[in-house]
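K.L.:
Coordinates only, no sequence provided:
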């Protein structure tokens, strides 16, 4: 009886030991992970996928590799562009592991390796680019930077998803120069637009003048329309343009009718007044033709008395 009990205890202990060892060899691999098993230092295939997996205790060692996309910021790098402008550029790189065995065997720390390659590639892309490309043509630079980083990363089992330049820091002096340049460019455009508007307006005015010259009534209608627009503002003063041609017409009409009236009224005195240019209608016309002002008329009492 005692011997049977001892045998039962030994068998139970052995079973428990094997069960403990079996439980020790169980591992859980998450959905976003892949397991690489090293058995006595050698990689065992296939790669362990998501779920419950078993390894040999004390013989196998399981290393889990994250296959999610990793977002790694690239520290800001100082550099000089191809057009000799000092800038400070930072970026961000997105990558993932597509070959867990290479990422484990070929490189000691693939994240650190990708970080260093990204920094050196960013410095290189700064030196090959102009300032205008860094500011306005970032998509092409992002593609070139991703290609430069992806070239060595392929051998490490790492796939570069995308690279983006985040910010470009410029010196204050360069910012002021660029603001002055932009201001000058905007002023140039405004002057060109103003000049173009004046040119188009002059062509329209020339066409309008041609139409009005063929139809004088159109000019009168335009004058009346202008008066209506001025009167709509409730102004107390209305300025009417007086054509110079009308003055000349009145002058010529006065010069043509004055000799007849002079002969009928006074005869020789009218002719004398026309000759001296001091009295009569002809005299006034002569002053106007010569560009002089009308002679002033005195309002002093004794002058009026002498004239009476």
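P.N.:
Nice, thanks for sending it over. Everything numeric in this text was worked out from a predicted model, so none of it was measured. Residues are numbered from 1 along each chain as shown.
K.L.:
rest of the way, CA atoms for contacts and neighbours
P.N.:
Noted.
K.L.:
Around the spatially closest residue to residue 54 that is not a sequence neighbour, how many other residues sit close by?
P.N.:
Closest residue to residue 54 apart from its sequence neighbours, by C-alpha to C-alpha, 6 or more residues apart in numbering: residue 26 at 4.5 Å. Neighbourhood size, residue 26 [other C-alpha atoms under 10 Å]: 13.
K.L.:
tell me the pLDDT at residue 26?
P.N.:
For residue 26, the pLDDT comes out at 82.
K.L.:
how far away is it from residue 100?
P.N.:
20 Å (C-alpha to C-alpha, to the nearest Å).
K.L.:
before we move on, what about residue 208?
P.N.:
82 Å.
K.L.:
now residue 34
P.N.:
7 Å.
K.L.:
residues shared between the contacts of these two?
P.N.:
residue 65 (C-alpha atoms under 8 Å, 6 or more residues apart in numbering).
K.L.:
Just want to know which of residue 208 and residue 100 has more residues nearby.
P.N.:
Using other C-alpha under 10 Å, the more surrounded residue of residue 208 and residue 100 is residue 100, with 22 against 13.
K.L.:
what sits against that one?
P.N.:
34, 35, 36, 65, 157 are the contacts of residue 100 under C-alpha under 8 Å, 6+ apart.
K.L.:
what helix or strand does the second one sit in?
P.N.:
Counting by DSSP states H and E, the element that carries residue 35 is strand 33-39.
K.L.:
Indicate each strand paired with that strand and its parallel or antiparallel sense.
P.N.:
strand 42-48 (antiparallel), strand 60-66 (antiparallel) (DSSP bridges).
K.L.:
Out of those, which one sits most buried?
P.N.:
Ranked by mean neighbour count, these are led by strand 60-66 with a mean of 18 (mean count of other C-alpha atoms under 10 Å).
K.L.:
and the very next helix or strand once past it, what does it pack onto?
P.N.:
Per DSSP H and E, the first helix or strand lying C-terminal to strand 60-66 is strand 70-80. Contact partners of strand 70-80 among helices and strands, from 3 or more C-alpha pairs under 8 Å, 6 or more residues apart in numbering; DSSP states H and E: strand 86-97, helix 110-128.
K.L.:
Quick check: buried residues in the last one?
P.N.:
Going back to what we said before, that points to helix 110-128. 110-111, 114-115, 117-119, 121-127 (16 or more other C-alpha atoms under 10 Å).
K.L.:
and it, average pLDDT?
P.N.:
92.
K.L.:
mean confidence score for the helix or strand that that helix is followed by?
P.N.:
Per DSSP H and E, the first helix or strand lying C-terminal to helix 110-128 is helix 131-136. Averaged over helix 131-136, pLDDT sits at 86.
K.L.:
List the buried residues of the helix or strand following helix 131-136.
P.N.:
Per DSSP H and E, the first helix or strand lying C-terminal to helix 131-136 is helix 138-153. Residues of helix 138-153 classed as buried: 141, 142, 144, 145, 146, 147, 148, 149, 150, 153 (neighbour count, 16+ other C-alpha under 10 Å).
K.L.:
Please list the outside residues in contact with stretch 59-76.
P.N.:
29, 32-40, 55, 88-98, 100, 115, 118-119.
K.L.:
how much distance is there from it to the middle of the chain?
P.N.:
40 Å (C-alpha atoms, centre = their mean, to the nearest Å).
K.L.:
same check, this time on stretch 67-86
P.N.:
Using C-alpha atoms, centre = their mean, the offset of stretch 67-86 from its chain centre is 24 Å.
K.L.:
what about it, start to end distance?
P.N.:
38 Å.
K.L.:
Could you list the buried residues of that stretch?
P.N.:
Quick answer for stretch 67-86 (16+ other C-alpha under 10 Å): 67, 72, 73, 74, 75, 76, 77, 78, 79, 80, 81, 86.
K.L.:
Next: stretch 51-60.
P.N.:
For stretch 51-60, by 16+ other C-alpha under 10 Å, it's 55, 60.
K.L.:
What's the end-to-end length of that stretch?
P.N.:
18 Å.
K.L.:
Same question for stretch 52-72.
P.N.:
31 Å.
K.L.:
Quick one: mean pLDDT over that stretch.
P.N.:
89.
K.L.:
List the contacts of the helix or strand harbouring residue 13.
P.N.:
In this structure, residue 13 sits in helix 2-24 according to DSSP H and E. The set of residues external to helix 2-24 that reach it, using C-alpha under 8 Å, 6+ apart, is residue 57.
K.L.:
Tell me the one of the buried residues of helix 138-153 nearest residue 133?
P.N.:
Nearest to residue 133 among the buried residues of helix 138-153: residue 141, at 7.8 Å, using C-alpha to C-alpha.
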